[in-house]
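[1] I'd like to go over a predicted model; first the sequence, then the structure.
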Amino acid sequence: MKRELLLIIVMFSIMILFNACIFKPNNSNEFYYLYVGNWDNDEVFIIDTEDNSVIDTLDGFGHVWDLAITPGGSKLYVSTREGMYNQPGALFSVDLQSKTKRIILNSAADVFISPSGTPLVIAHIPNDTMAQVGFIDTLTDQISFIDSLNILDQSINYQNLVFDPIEPIFYAWTNQHYLFGYNYNCEGIVHLFNSESVSEEMIISKDGKYIFFPDKTLDIVKDSIIATWEGRKGTMMQSNDGKTLYLTDYGNPFSTLLAPPSGLVRVLDLETYTIVNSMSFNEAAEHYYPHLDRMIITPNGKKAFVSSPAEIFSVDLNRNIAVSIFRPVVGNSWFKPIVVGKKP
């Protein structure tokens, strides 16, 4: 009797494990929207990533500076600016079910989504090096400010704050271009780094051990640069498996003194820190040598999207092939921010 009971328990346990493996959630079949902010025409386009069609347009914001979306895809935060470099602006909250929007902060602000999914706000004080740091309650849109810090206004650099994926720490730049770590639970600076970088653009590794710049890697614990490569003015995106770094090439649209854009996204192997491949956007672009700005990868890893001032590209990451999917029909454009969110 005991053996039969034990056998039943063992078989039942195997069935549970078997079913857990079969019905394990898989985000490969999830569907996403791409949100594209247009600085010039004060609007946000919503693109269905399945067929790359524009399904809706949100407008009435002012100059769209940056976007952030909650993990569930239900709410979009839109920050606006009247100009670069610490200019006045506002922060909007948009309910993506009803498409209703409201201003939740009358100040120039940047929004970053923390690892827990809570939006972090950096509200810049005009003509001041100090900025207010706070978190948004996504249900009420109330902002709770926790500290005032010397944080560099991101200006045209949008990757100037990154979160440790494990600890309650973010890394940012001071106005004097020093990198620091800040614990937002304890509300205190935990480290001021000695290492310097010409570019404020940065992203953090999946394990939180390294910070990548467009031309080098910083070991956070050792506070030392451990690898370098030829850098270009642009932004970065890490592959979902953490093995690859994609480097865009924006060039310099305001000056002829720096190198023009190449129209390439370079692929860096993060084990060897060597460029192993590149993706050309020149044939897909309306004009050769587009200024490639931001890149984002869907959570299922199937597609990437890259913005330039005049058009949006979709990239098949299996074949490294880029196609142009969106250009404005009328009017001017400066496609600055892009984010991907689940279909609400």
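    Arrived safely, thanks for sending. Residues are numbered from 1 along each chain as shown.
[2] wait, doesn't residue 313 sit right on residue 296?
    No. Here residue 313 does not reach residue 296: they are 11.2 Å apart, not a contact under C-beta atoms under 8 Å. Using the backbone N, CA and C atoms, a C-beta is placed for each residue, glycine as well.
[3] who has more neighbours out of these two?
    residue 313 (23 against 19; other C-beta atoms under 10 Å).
[4] list the buried residues in the helix or strand harbouring the more buried one.
    Assessed by DSSP states H and E, residue 313 sits inside strand 312-316. Neighbour counts over strand 312-316 (16 or more other C-beta atoms under 10 Å) mark 312, 313, 314, 315 as buried.
[5] return the set of residues that bridge with the second one.
    Spelled out, that is residue 313. residue 306, residue 324 (DSSP bridges).
[6] from memory residue 284 sits against residue 324, does it?
    Yes. With contact defined as C-beta under 8 Å, residue 284 counts as touching residue 324 (4.8 Å).
[7] mutual contacts of those two, please.
    residue 313 (C-beta atoms under 8 Å, 6 or more residues apart in numbering).
[8] lowest confidence element among the helices and strands of the protein?
    helix 2-22 (a mean of 43; mean pLDDT, DSSP states H and E).
[9] any weak-confidence spans in this structure?
    Applying pLDDT under 70 to the chain flags the ranges 1-29, 83-87, 154-158, 196-199, 252-259, 287-289, 329-332.
[10] shared neighbours, residue 313 and residue 296?
    With C-beta under 8 Å, 6+ apart as the test, residue 313 and residue 296 both reach residue 305.
[11] show me what contacts residue 207?
    With contacts defined as C-beta under 8 Å, 6+ apart, the neighbours of residue 207 are 165, 242.
[12] from residue 224, how far out is it?
    17 Å (C-beta to C-beta, to the nearest Å).
[13] surely residue 89 and residue 78 touch.
    No. Residue 89 lies out of contact with residue 78 (C-beta under 8 Å); the separation is 10.2 Å.
[14] which residue ranges of the stretch 151-300 of the chain form strands?
    161-163, 169-173, 179-183, 188-192, 203-204, 210-213, 216-219, 224-228, 236-238, 244-247, 264-269, 274-280, 295-297 (DSSP state E, counting those that start in this stretch).
[15] and the third one with strand 169-173, angle?
    Computed with axes from the mean of the first three to the mean of the last three C-alpha atoms, to 10 degrees, the direction of strand 179-183 lies at 150 degrees from that of strand 169-173.
[16] contacting residues around strand 179-183?
    133, 149, 164, 167-174, 188-193, 195-197, 211, 218, 220.
[17] need the buried ones from these selected in ChimeraX.
    Entered in ChimeraX, the line below selects the buried ones among the contacts of strand 179-183, by 16+ other C-beta under 10 Å:
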select :133,149,164,169,170,171,172,173,193,195,197,211,218,220
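[18] so where does residue 79 fall, helix or strand?
    Here residue 79 is assigned to strand 75-81, by DSSP H and E.
[19] can you name every helix or strand that that strand contacts?
    Other helices and strands packing on strand 75-81, by 3 or more C-beta pairs under 8 Å, 6 or more residues apart in numbering; DSSP states H and E, are strand 64-69, strand 89-95, strand 109-113.
[20] chain center to that strand: distance?
    Centroid displacement of strand 75-81 relative to its chain, using C-alpha atoms, centre = their mean, to the nearest Å, is 14 Å.
[21] with stretch 42-53 instead?
    That offset, for stretch 42-53, works out to 17 Å (C-alpha atoms, centre = their mean).
[22] and the end-to-end length of it?
    End-to-end distance for stretch 42-53: 20 Å, by C-alpha to C-alpha, to the nearest Å.
[23] in that stretch, what's buried?
    So for stretch 42-53, counting by 16+ other C-beta under 10 Å, buried means 43, 44, 45, 46, 47, 49, 52.
[24] neighbouring contacts of that stretch?
    By C-beta under 8 Å, 6+ apart, stretch 42-53 touches 31-38, 54-64, 67, 76, 78, 80, 94, 298, 303, 305, 312, 314, 325-326, 340.
[25] buried sites along stretch 149-169?
    149-154, 158-164, 169.
[26] which among those residues gets closest to residue 124?
    residue 153 (5.2 Å; C-beta to C-beta).
[27] the helix or strand hosting residue 121 pairs with which strands?
    Here residue 121 sits within strand 119-124, counting by DSSP H and E. Take DSSP bridges as the rule and strand 119-124 pairs in its sheet with strand 109-113 (antiparallel), strand 130-136 (antiparallel).
[28] looking at the ones you listed, which is buried most?
    Mean neighbours per residue, mean count of other C-beta atoms under 10 Å, is largest over those for strand 109-113, with a mean of 21.
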